[in-house]
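>>> predicted coordinates and the sequence they were generated for:
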Amino acid sequence: NAGVMQNPRHLVRRRGQEARLRCSPMKGHSHVYWYRQLPEEGLKFMVYLQKENIIDESGMPKERFSAEFPKEGPSILRIQQVVRGDSAAYFCASSPPEGQGEKLFFGSGTQLSVL
Amino acid sequence: GNSVTQMEGPVTLSEEAFLTINCTYTATGYPSLFWYVQYPGEGLQLLLKATKADDKGSNKGFEATYRKETTSFHLEKGSVQVSDSAVYFCALSDQSSYDKVIFGPGTSLSVIP
């Protein structure tokens, strides 16, 4: 029973390129959350998605960032025209339909480095 | 809004020392409270939880008691090991918003032999 799978583990991009981060939730989980962890800072909520729906995107930057969770396939966090300040660890978590609570499971993260 | 505050790190302790990491919260209603742990290079894992006032969560020798009167949920361990070196996050669930989990800033712990 695989856990939350994120790939790639490490992603290097040059300024101005696009970054795509993928997340496959745990089996049976239909809710996906993305978090960003910056050096010396905590874990910041970005977006909450269910299949084909964005439920809460209150933590997403207004520009360049987007997320989707299609009916088939993994959830994708997309960052266009990356800048150095986007360098961070991005974590995905999933939960079952009844909500987060203690049923929140995290992936191992994608470390994005922008050169 | 709801929020979580933790003591600042990093915390460095010798093996077998006593550990306390302070956590206080602000919330409307009666949230559930959690401690998550992040080992180097990994995602967060749930360490323990408490769902109502005076509950004590415990796991792997760690304990925390839900104190409503002081709005606190301090993490303690009587004797830390090198393998406990990690970042510890206090968190609460926001019942007004799909039980959304709100994390504190994290406290880094290093245990030296």
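Structure's in. What do you need? Numbering: from 1, shown residues only, chains lettered A, B, ... in the order given.
>>> list phi and psi for A:Q37.
Per-residue torsions, A:Q37: phi -120, psi 110 (degrees, to the nearest 10).
>>> bridged to it, which residues?
The residues listed as beta-bridge partners of A:Q37 by DSSP bridges are A:L43, A:A89.
>>> quick check: bridge partners of residue 5?
Reading this off chain A. With DSSP bridges as the rule, A:M5 is bridged to A:S24.
>>> that's the wrong chain, I wanted chain B
In this structure, B:T5 bridges to B:T24 when assessed by DSSP bridges.
>>> thought it was touching B:F103?
No. Under the criterion of Cβ atoms under 8 Å, B:T5 makes no contact with B:F103, lying 11.1 Å away. Any C-beta I mention is one placed from the backbone N, CA and C, and that applies to glycine too.
>>> more neighbours: the two, which one.
Counting neighbours by other Cβ atoms under 10 Å in any protein chain shown for B:T5 and for B:F103 shows that B:F103 has the greater number, 21 against 15.
>>> if I pick that one, what's in contact with it?
By Cβ atoms under 8 Å, 6 or more residues apart in numbering or on different chains, the contact set of B:F103 is A:Y35, A:G42, A:L43, A:F45, B:V4, B:Y36, B:F89, B:C90, B:A91.
>>> again with B:Y88
Contact analysis of B:Y88 by Cβ under 8 Å, 6+ apart lists B:Q6, B:I21, B:W35, B:Y36, B:V37, B:Q38, B:L47, B:L75, B:G106, B:T107, B:L109.
>>> now it: which helix or strand?
Here B:Y88 is covered by strand B:86-94, with elements defined by DSSP states H and E.
>>> buried ones in that strand, by neighbour count?
By neighbour count, and taking 16 or more other Cβ atoms under 10 Å in any protein chain shown as the criterion, the buried residues in strand B:86-94 are B:A86, B:V87, B:Y88, B:F89, B:C90, B:A91, B:L92, B:S93, B:D94.
>>> so which of the residues you listed is the closest to chain A?
Using Cβ to the nearest Cβ, the shortest approach to chain A within the buried residues of strand B:86-94 belongs to B:S93, at 5.3 Å.
>>> report how many residues lie close to B:Q6.
24.
>>> was I right about it contacting B:T20?
No. Here B:Q6 lies out of contact with B:T20, judged by Cβ under 8 Å, at a distance of 11.5 Å.
>>> out of the contacts of B:Y88, name the ones that lie in strands.
In strands, defined here by DSSP state E, the members of the contacts of B:Y88 are B:Q6, B:I21, B:W35, B:Y36, B:V37, B:Q38, B:L47, B:L75, B:T107, B:L109.
>>> out of those, the closest to A:I54 would be?
Comparing those against A:I54 with Cβ to Cβ places B:Y36 closest, at 24.5 Å.
>>> so what's that closest one bridging to?
Under DSSP bridges, the beta-bridge partners of B:Y36 are B:L46, B:F89.
>>> what pLDDT does the model give it?
With respect to pLDDT, B:Y36 has a value of 95.
>>> please produce a markdown table containing the contacts of B:F103, extended by distance to A:R13.
Listed next are those as a markdown table, based on distance: Cβ to Cβ, whole Å:
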| residue | distance to A:R13 |
| --- | --- |
| A:Y35 | 19 |
| A:G42 | 24 |
| A:L43 | 22 |
| A:F45 | 23 |
| B:V4 | 32 |
| B:Y36 | 29 |
| B:F89 | 27 |
| B:C90 | 33 |
| B:A91 | 30 |
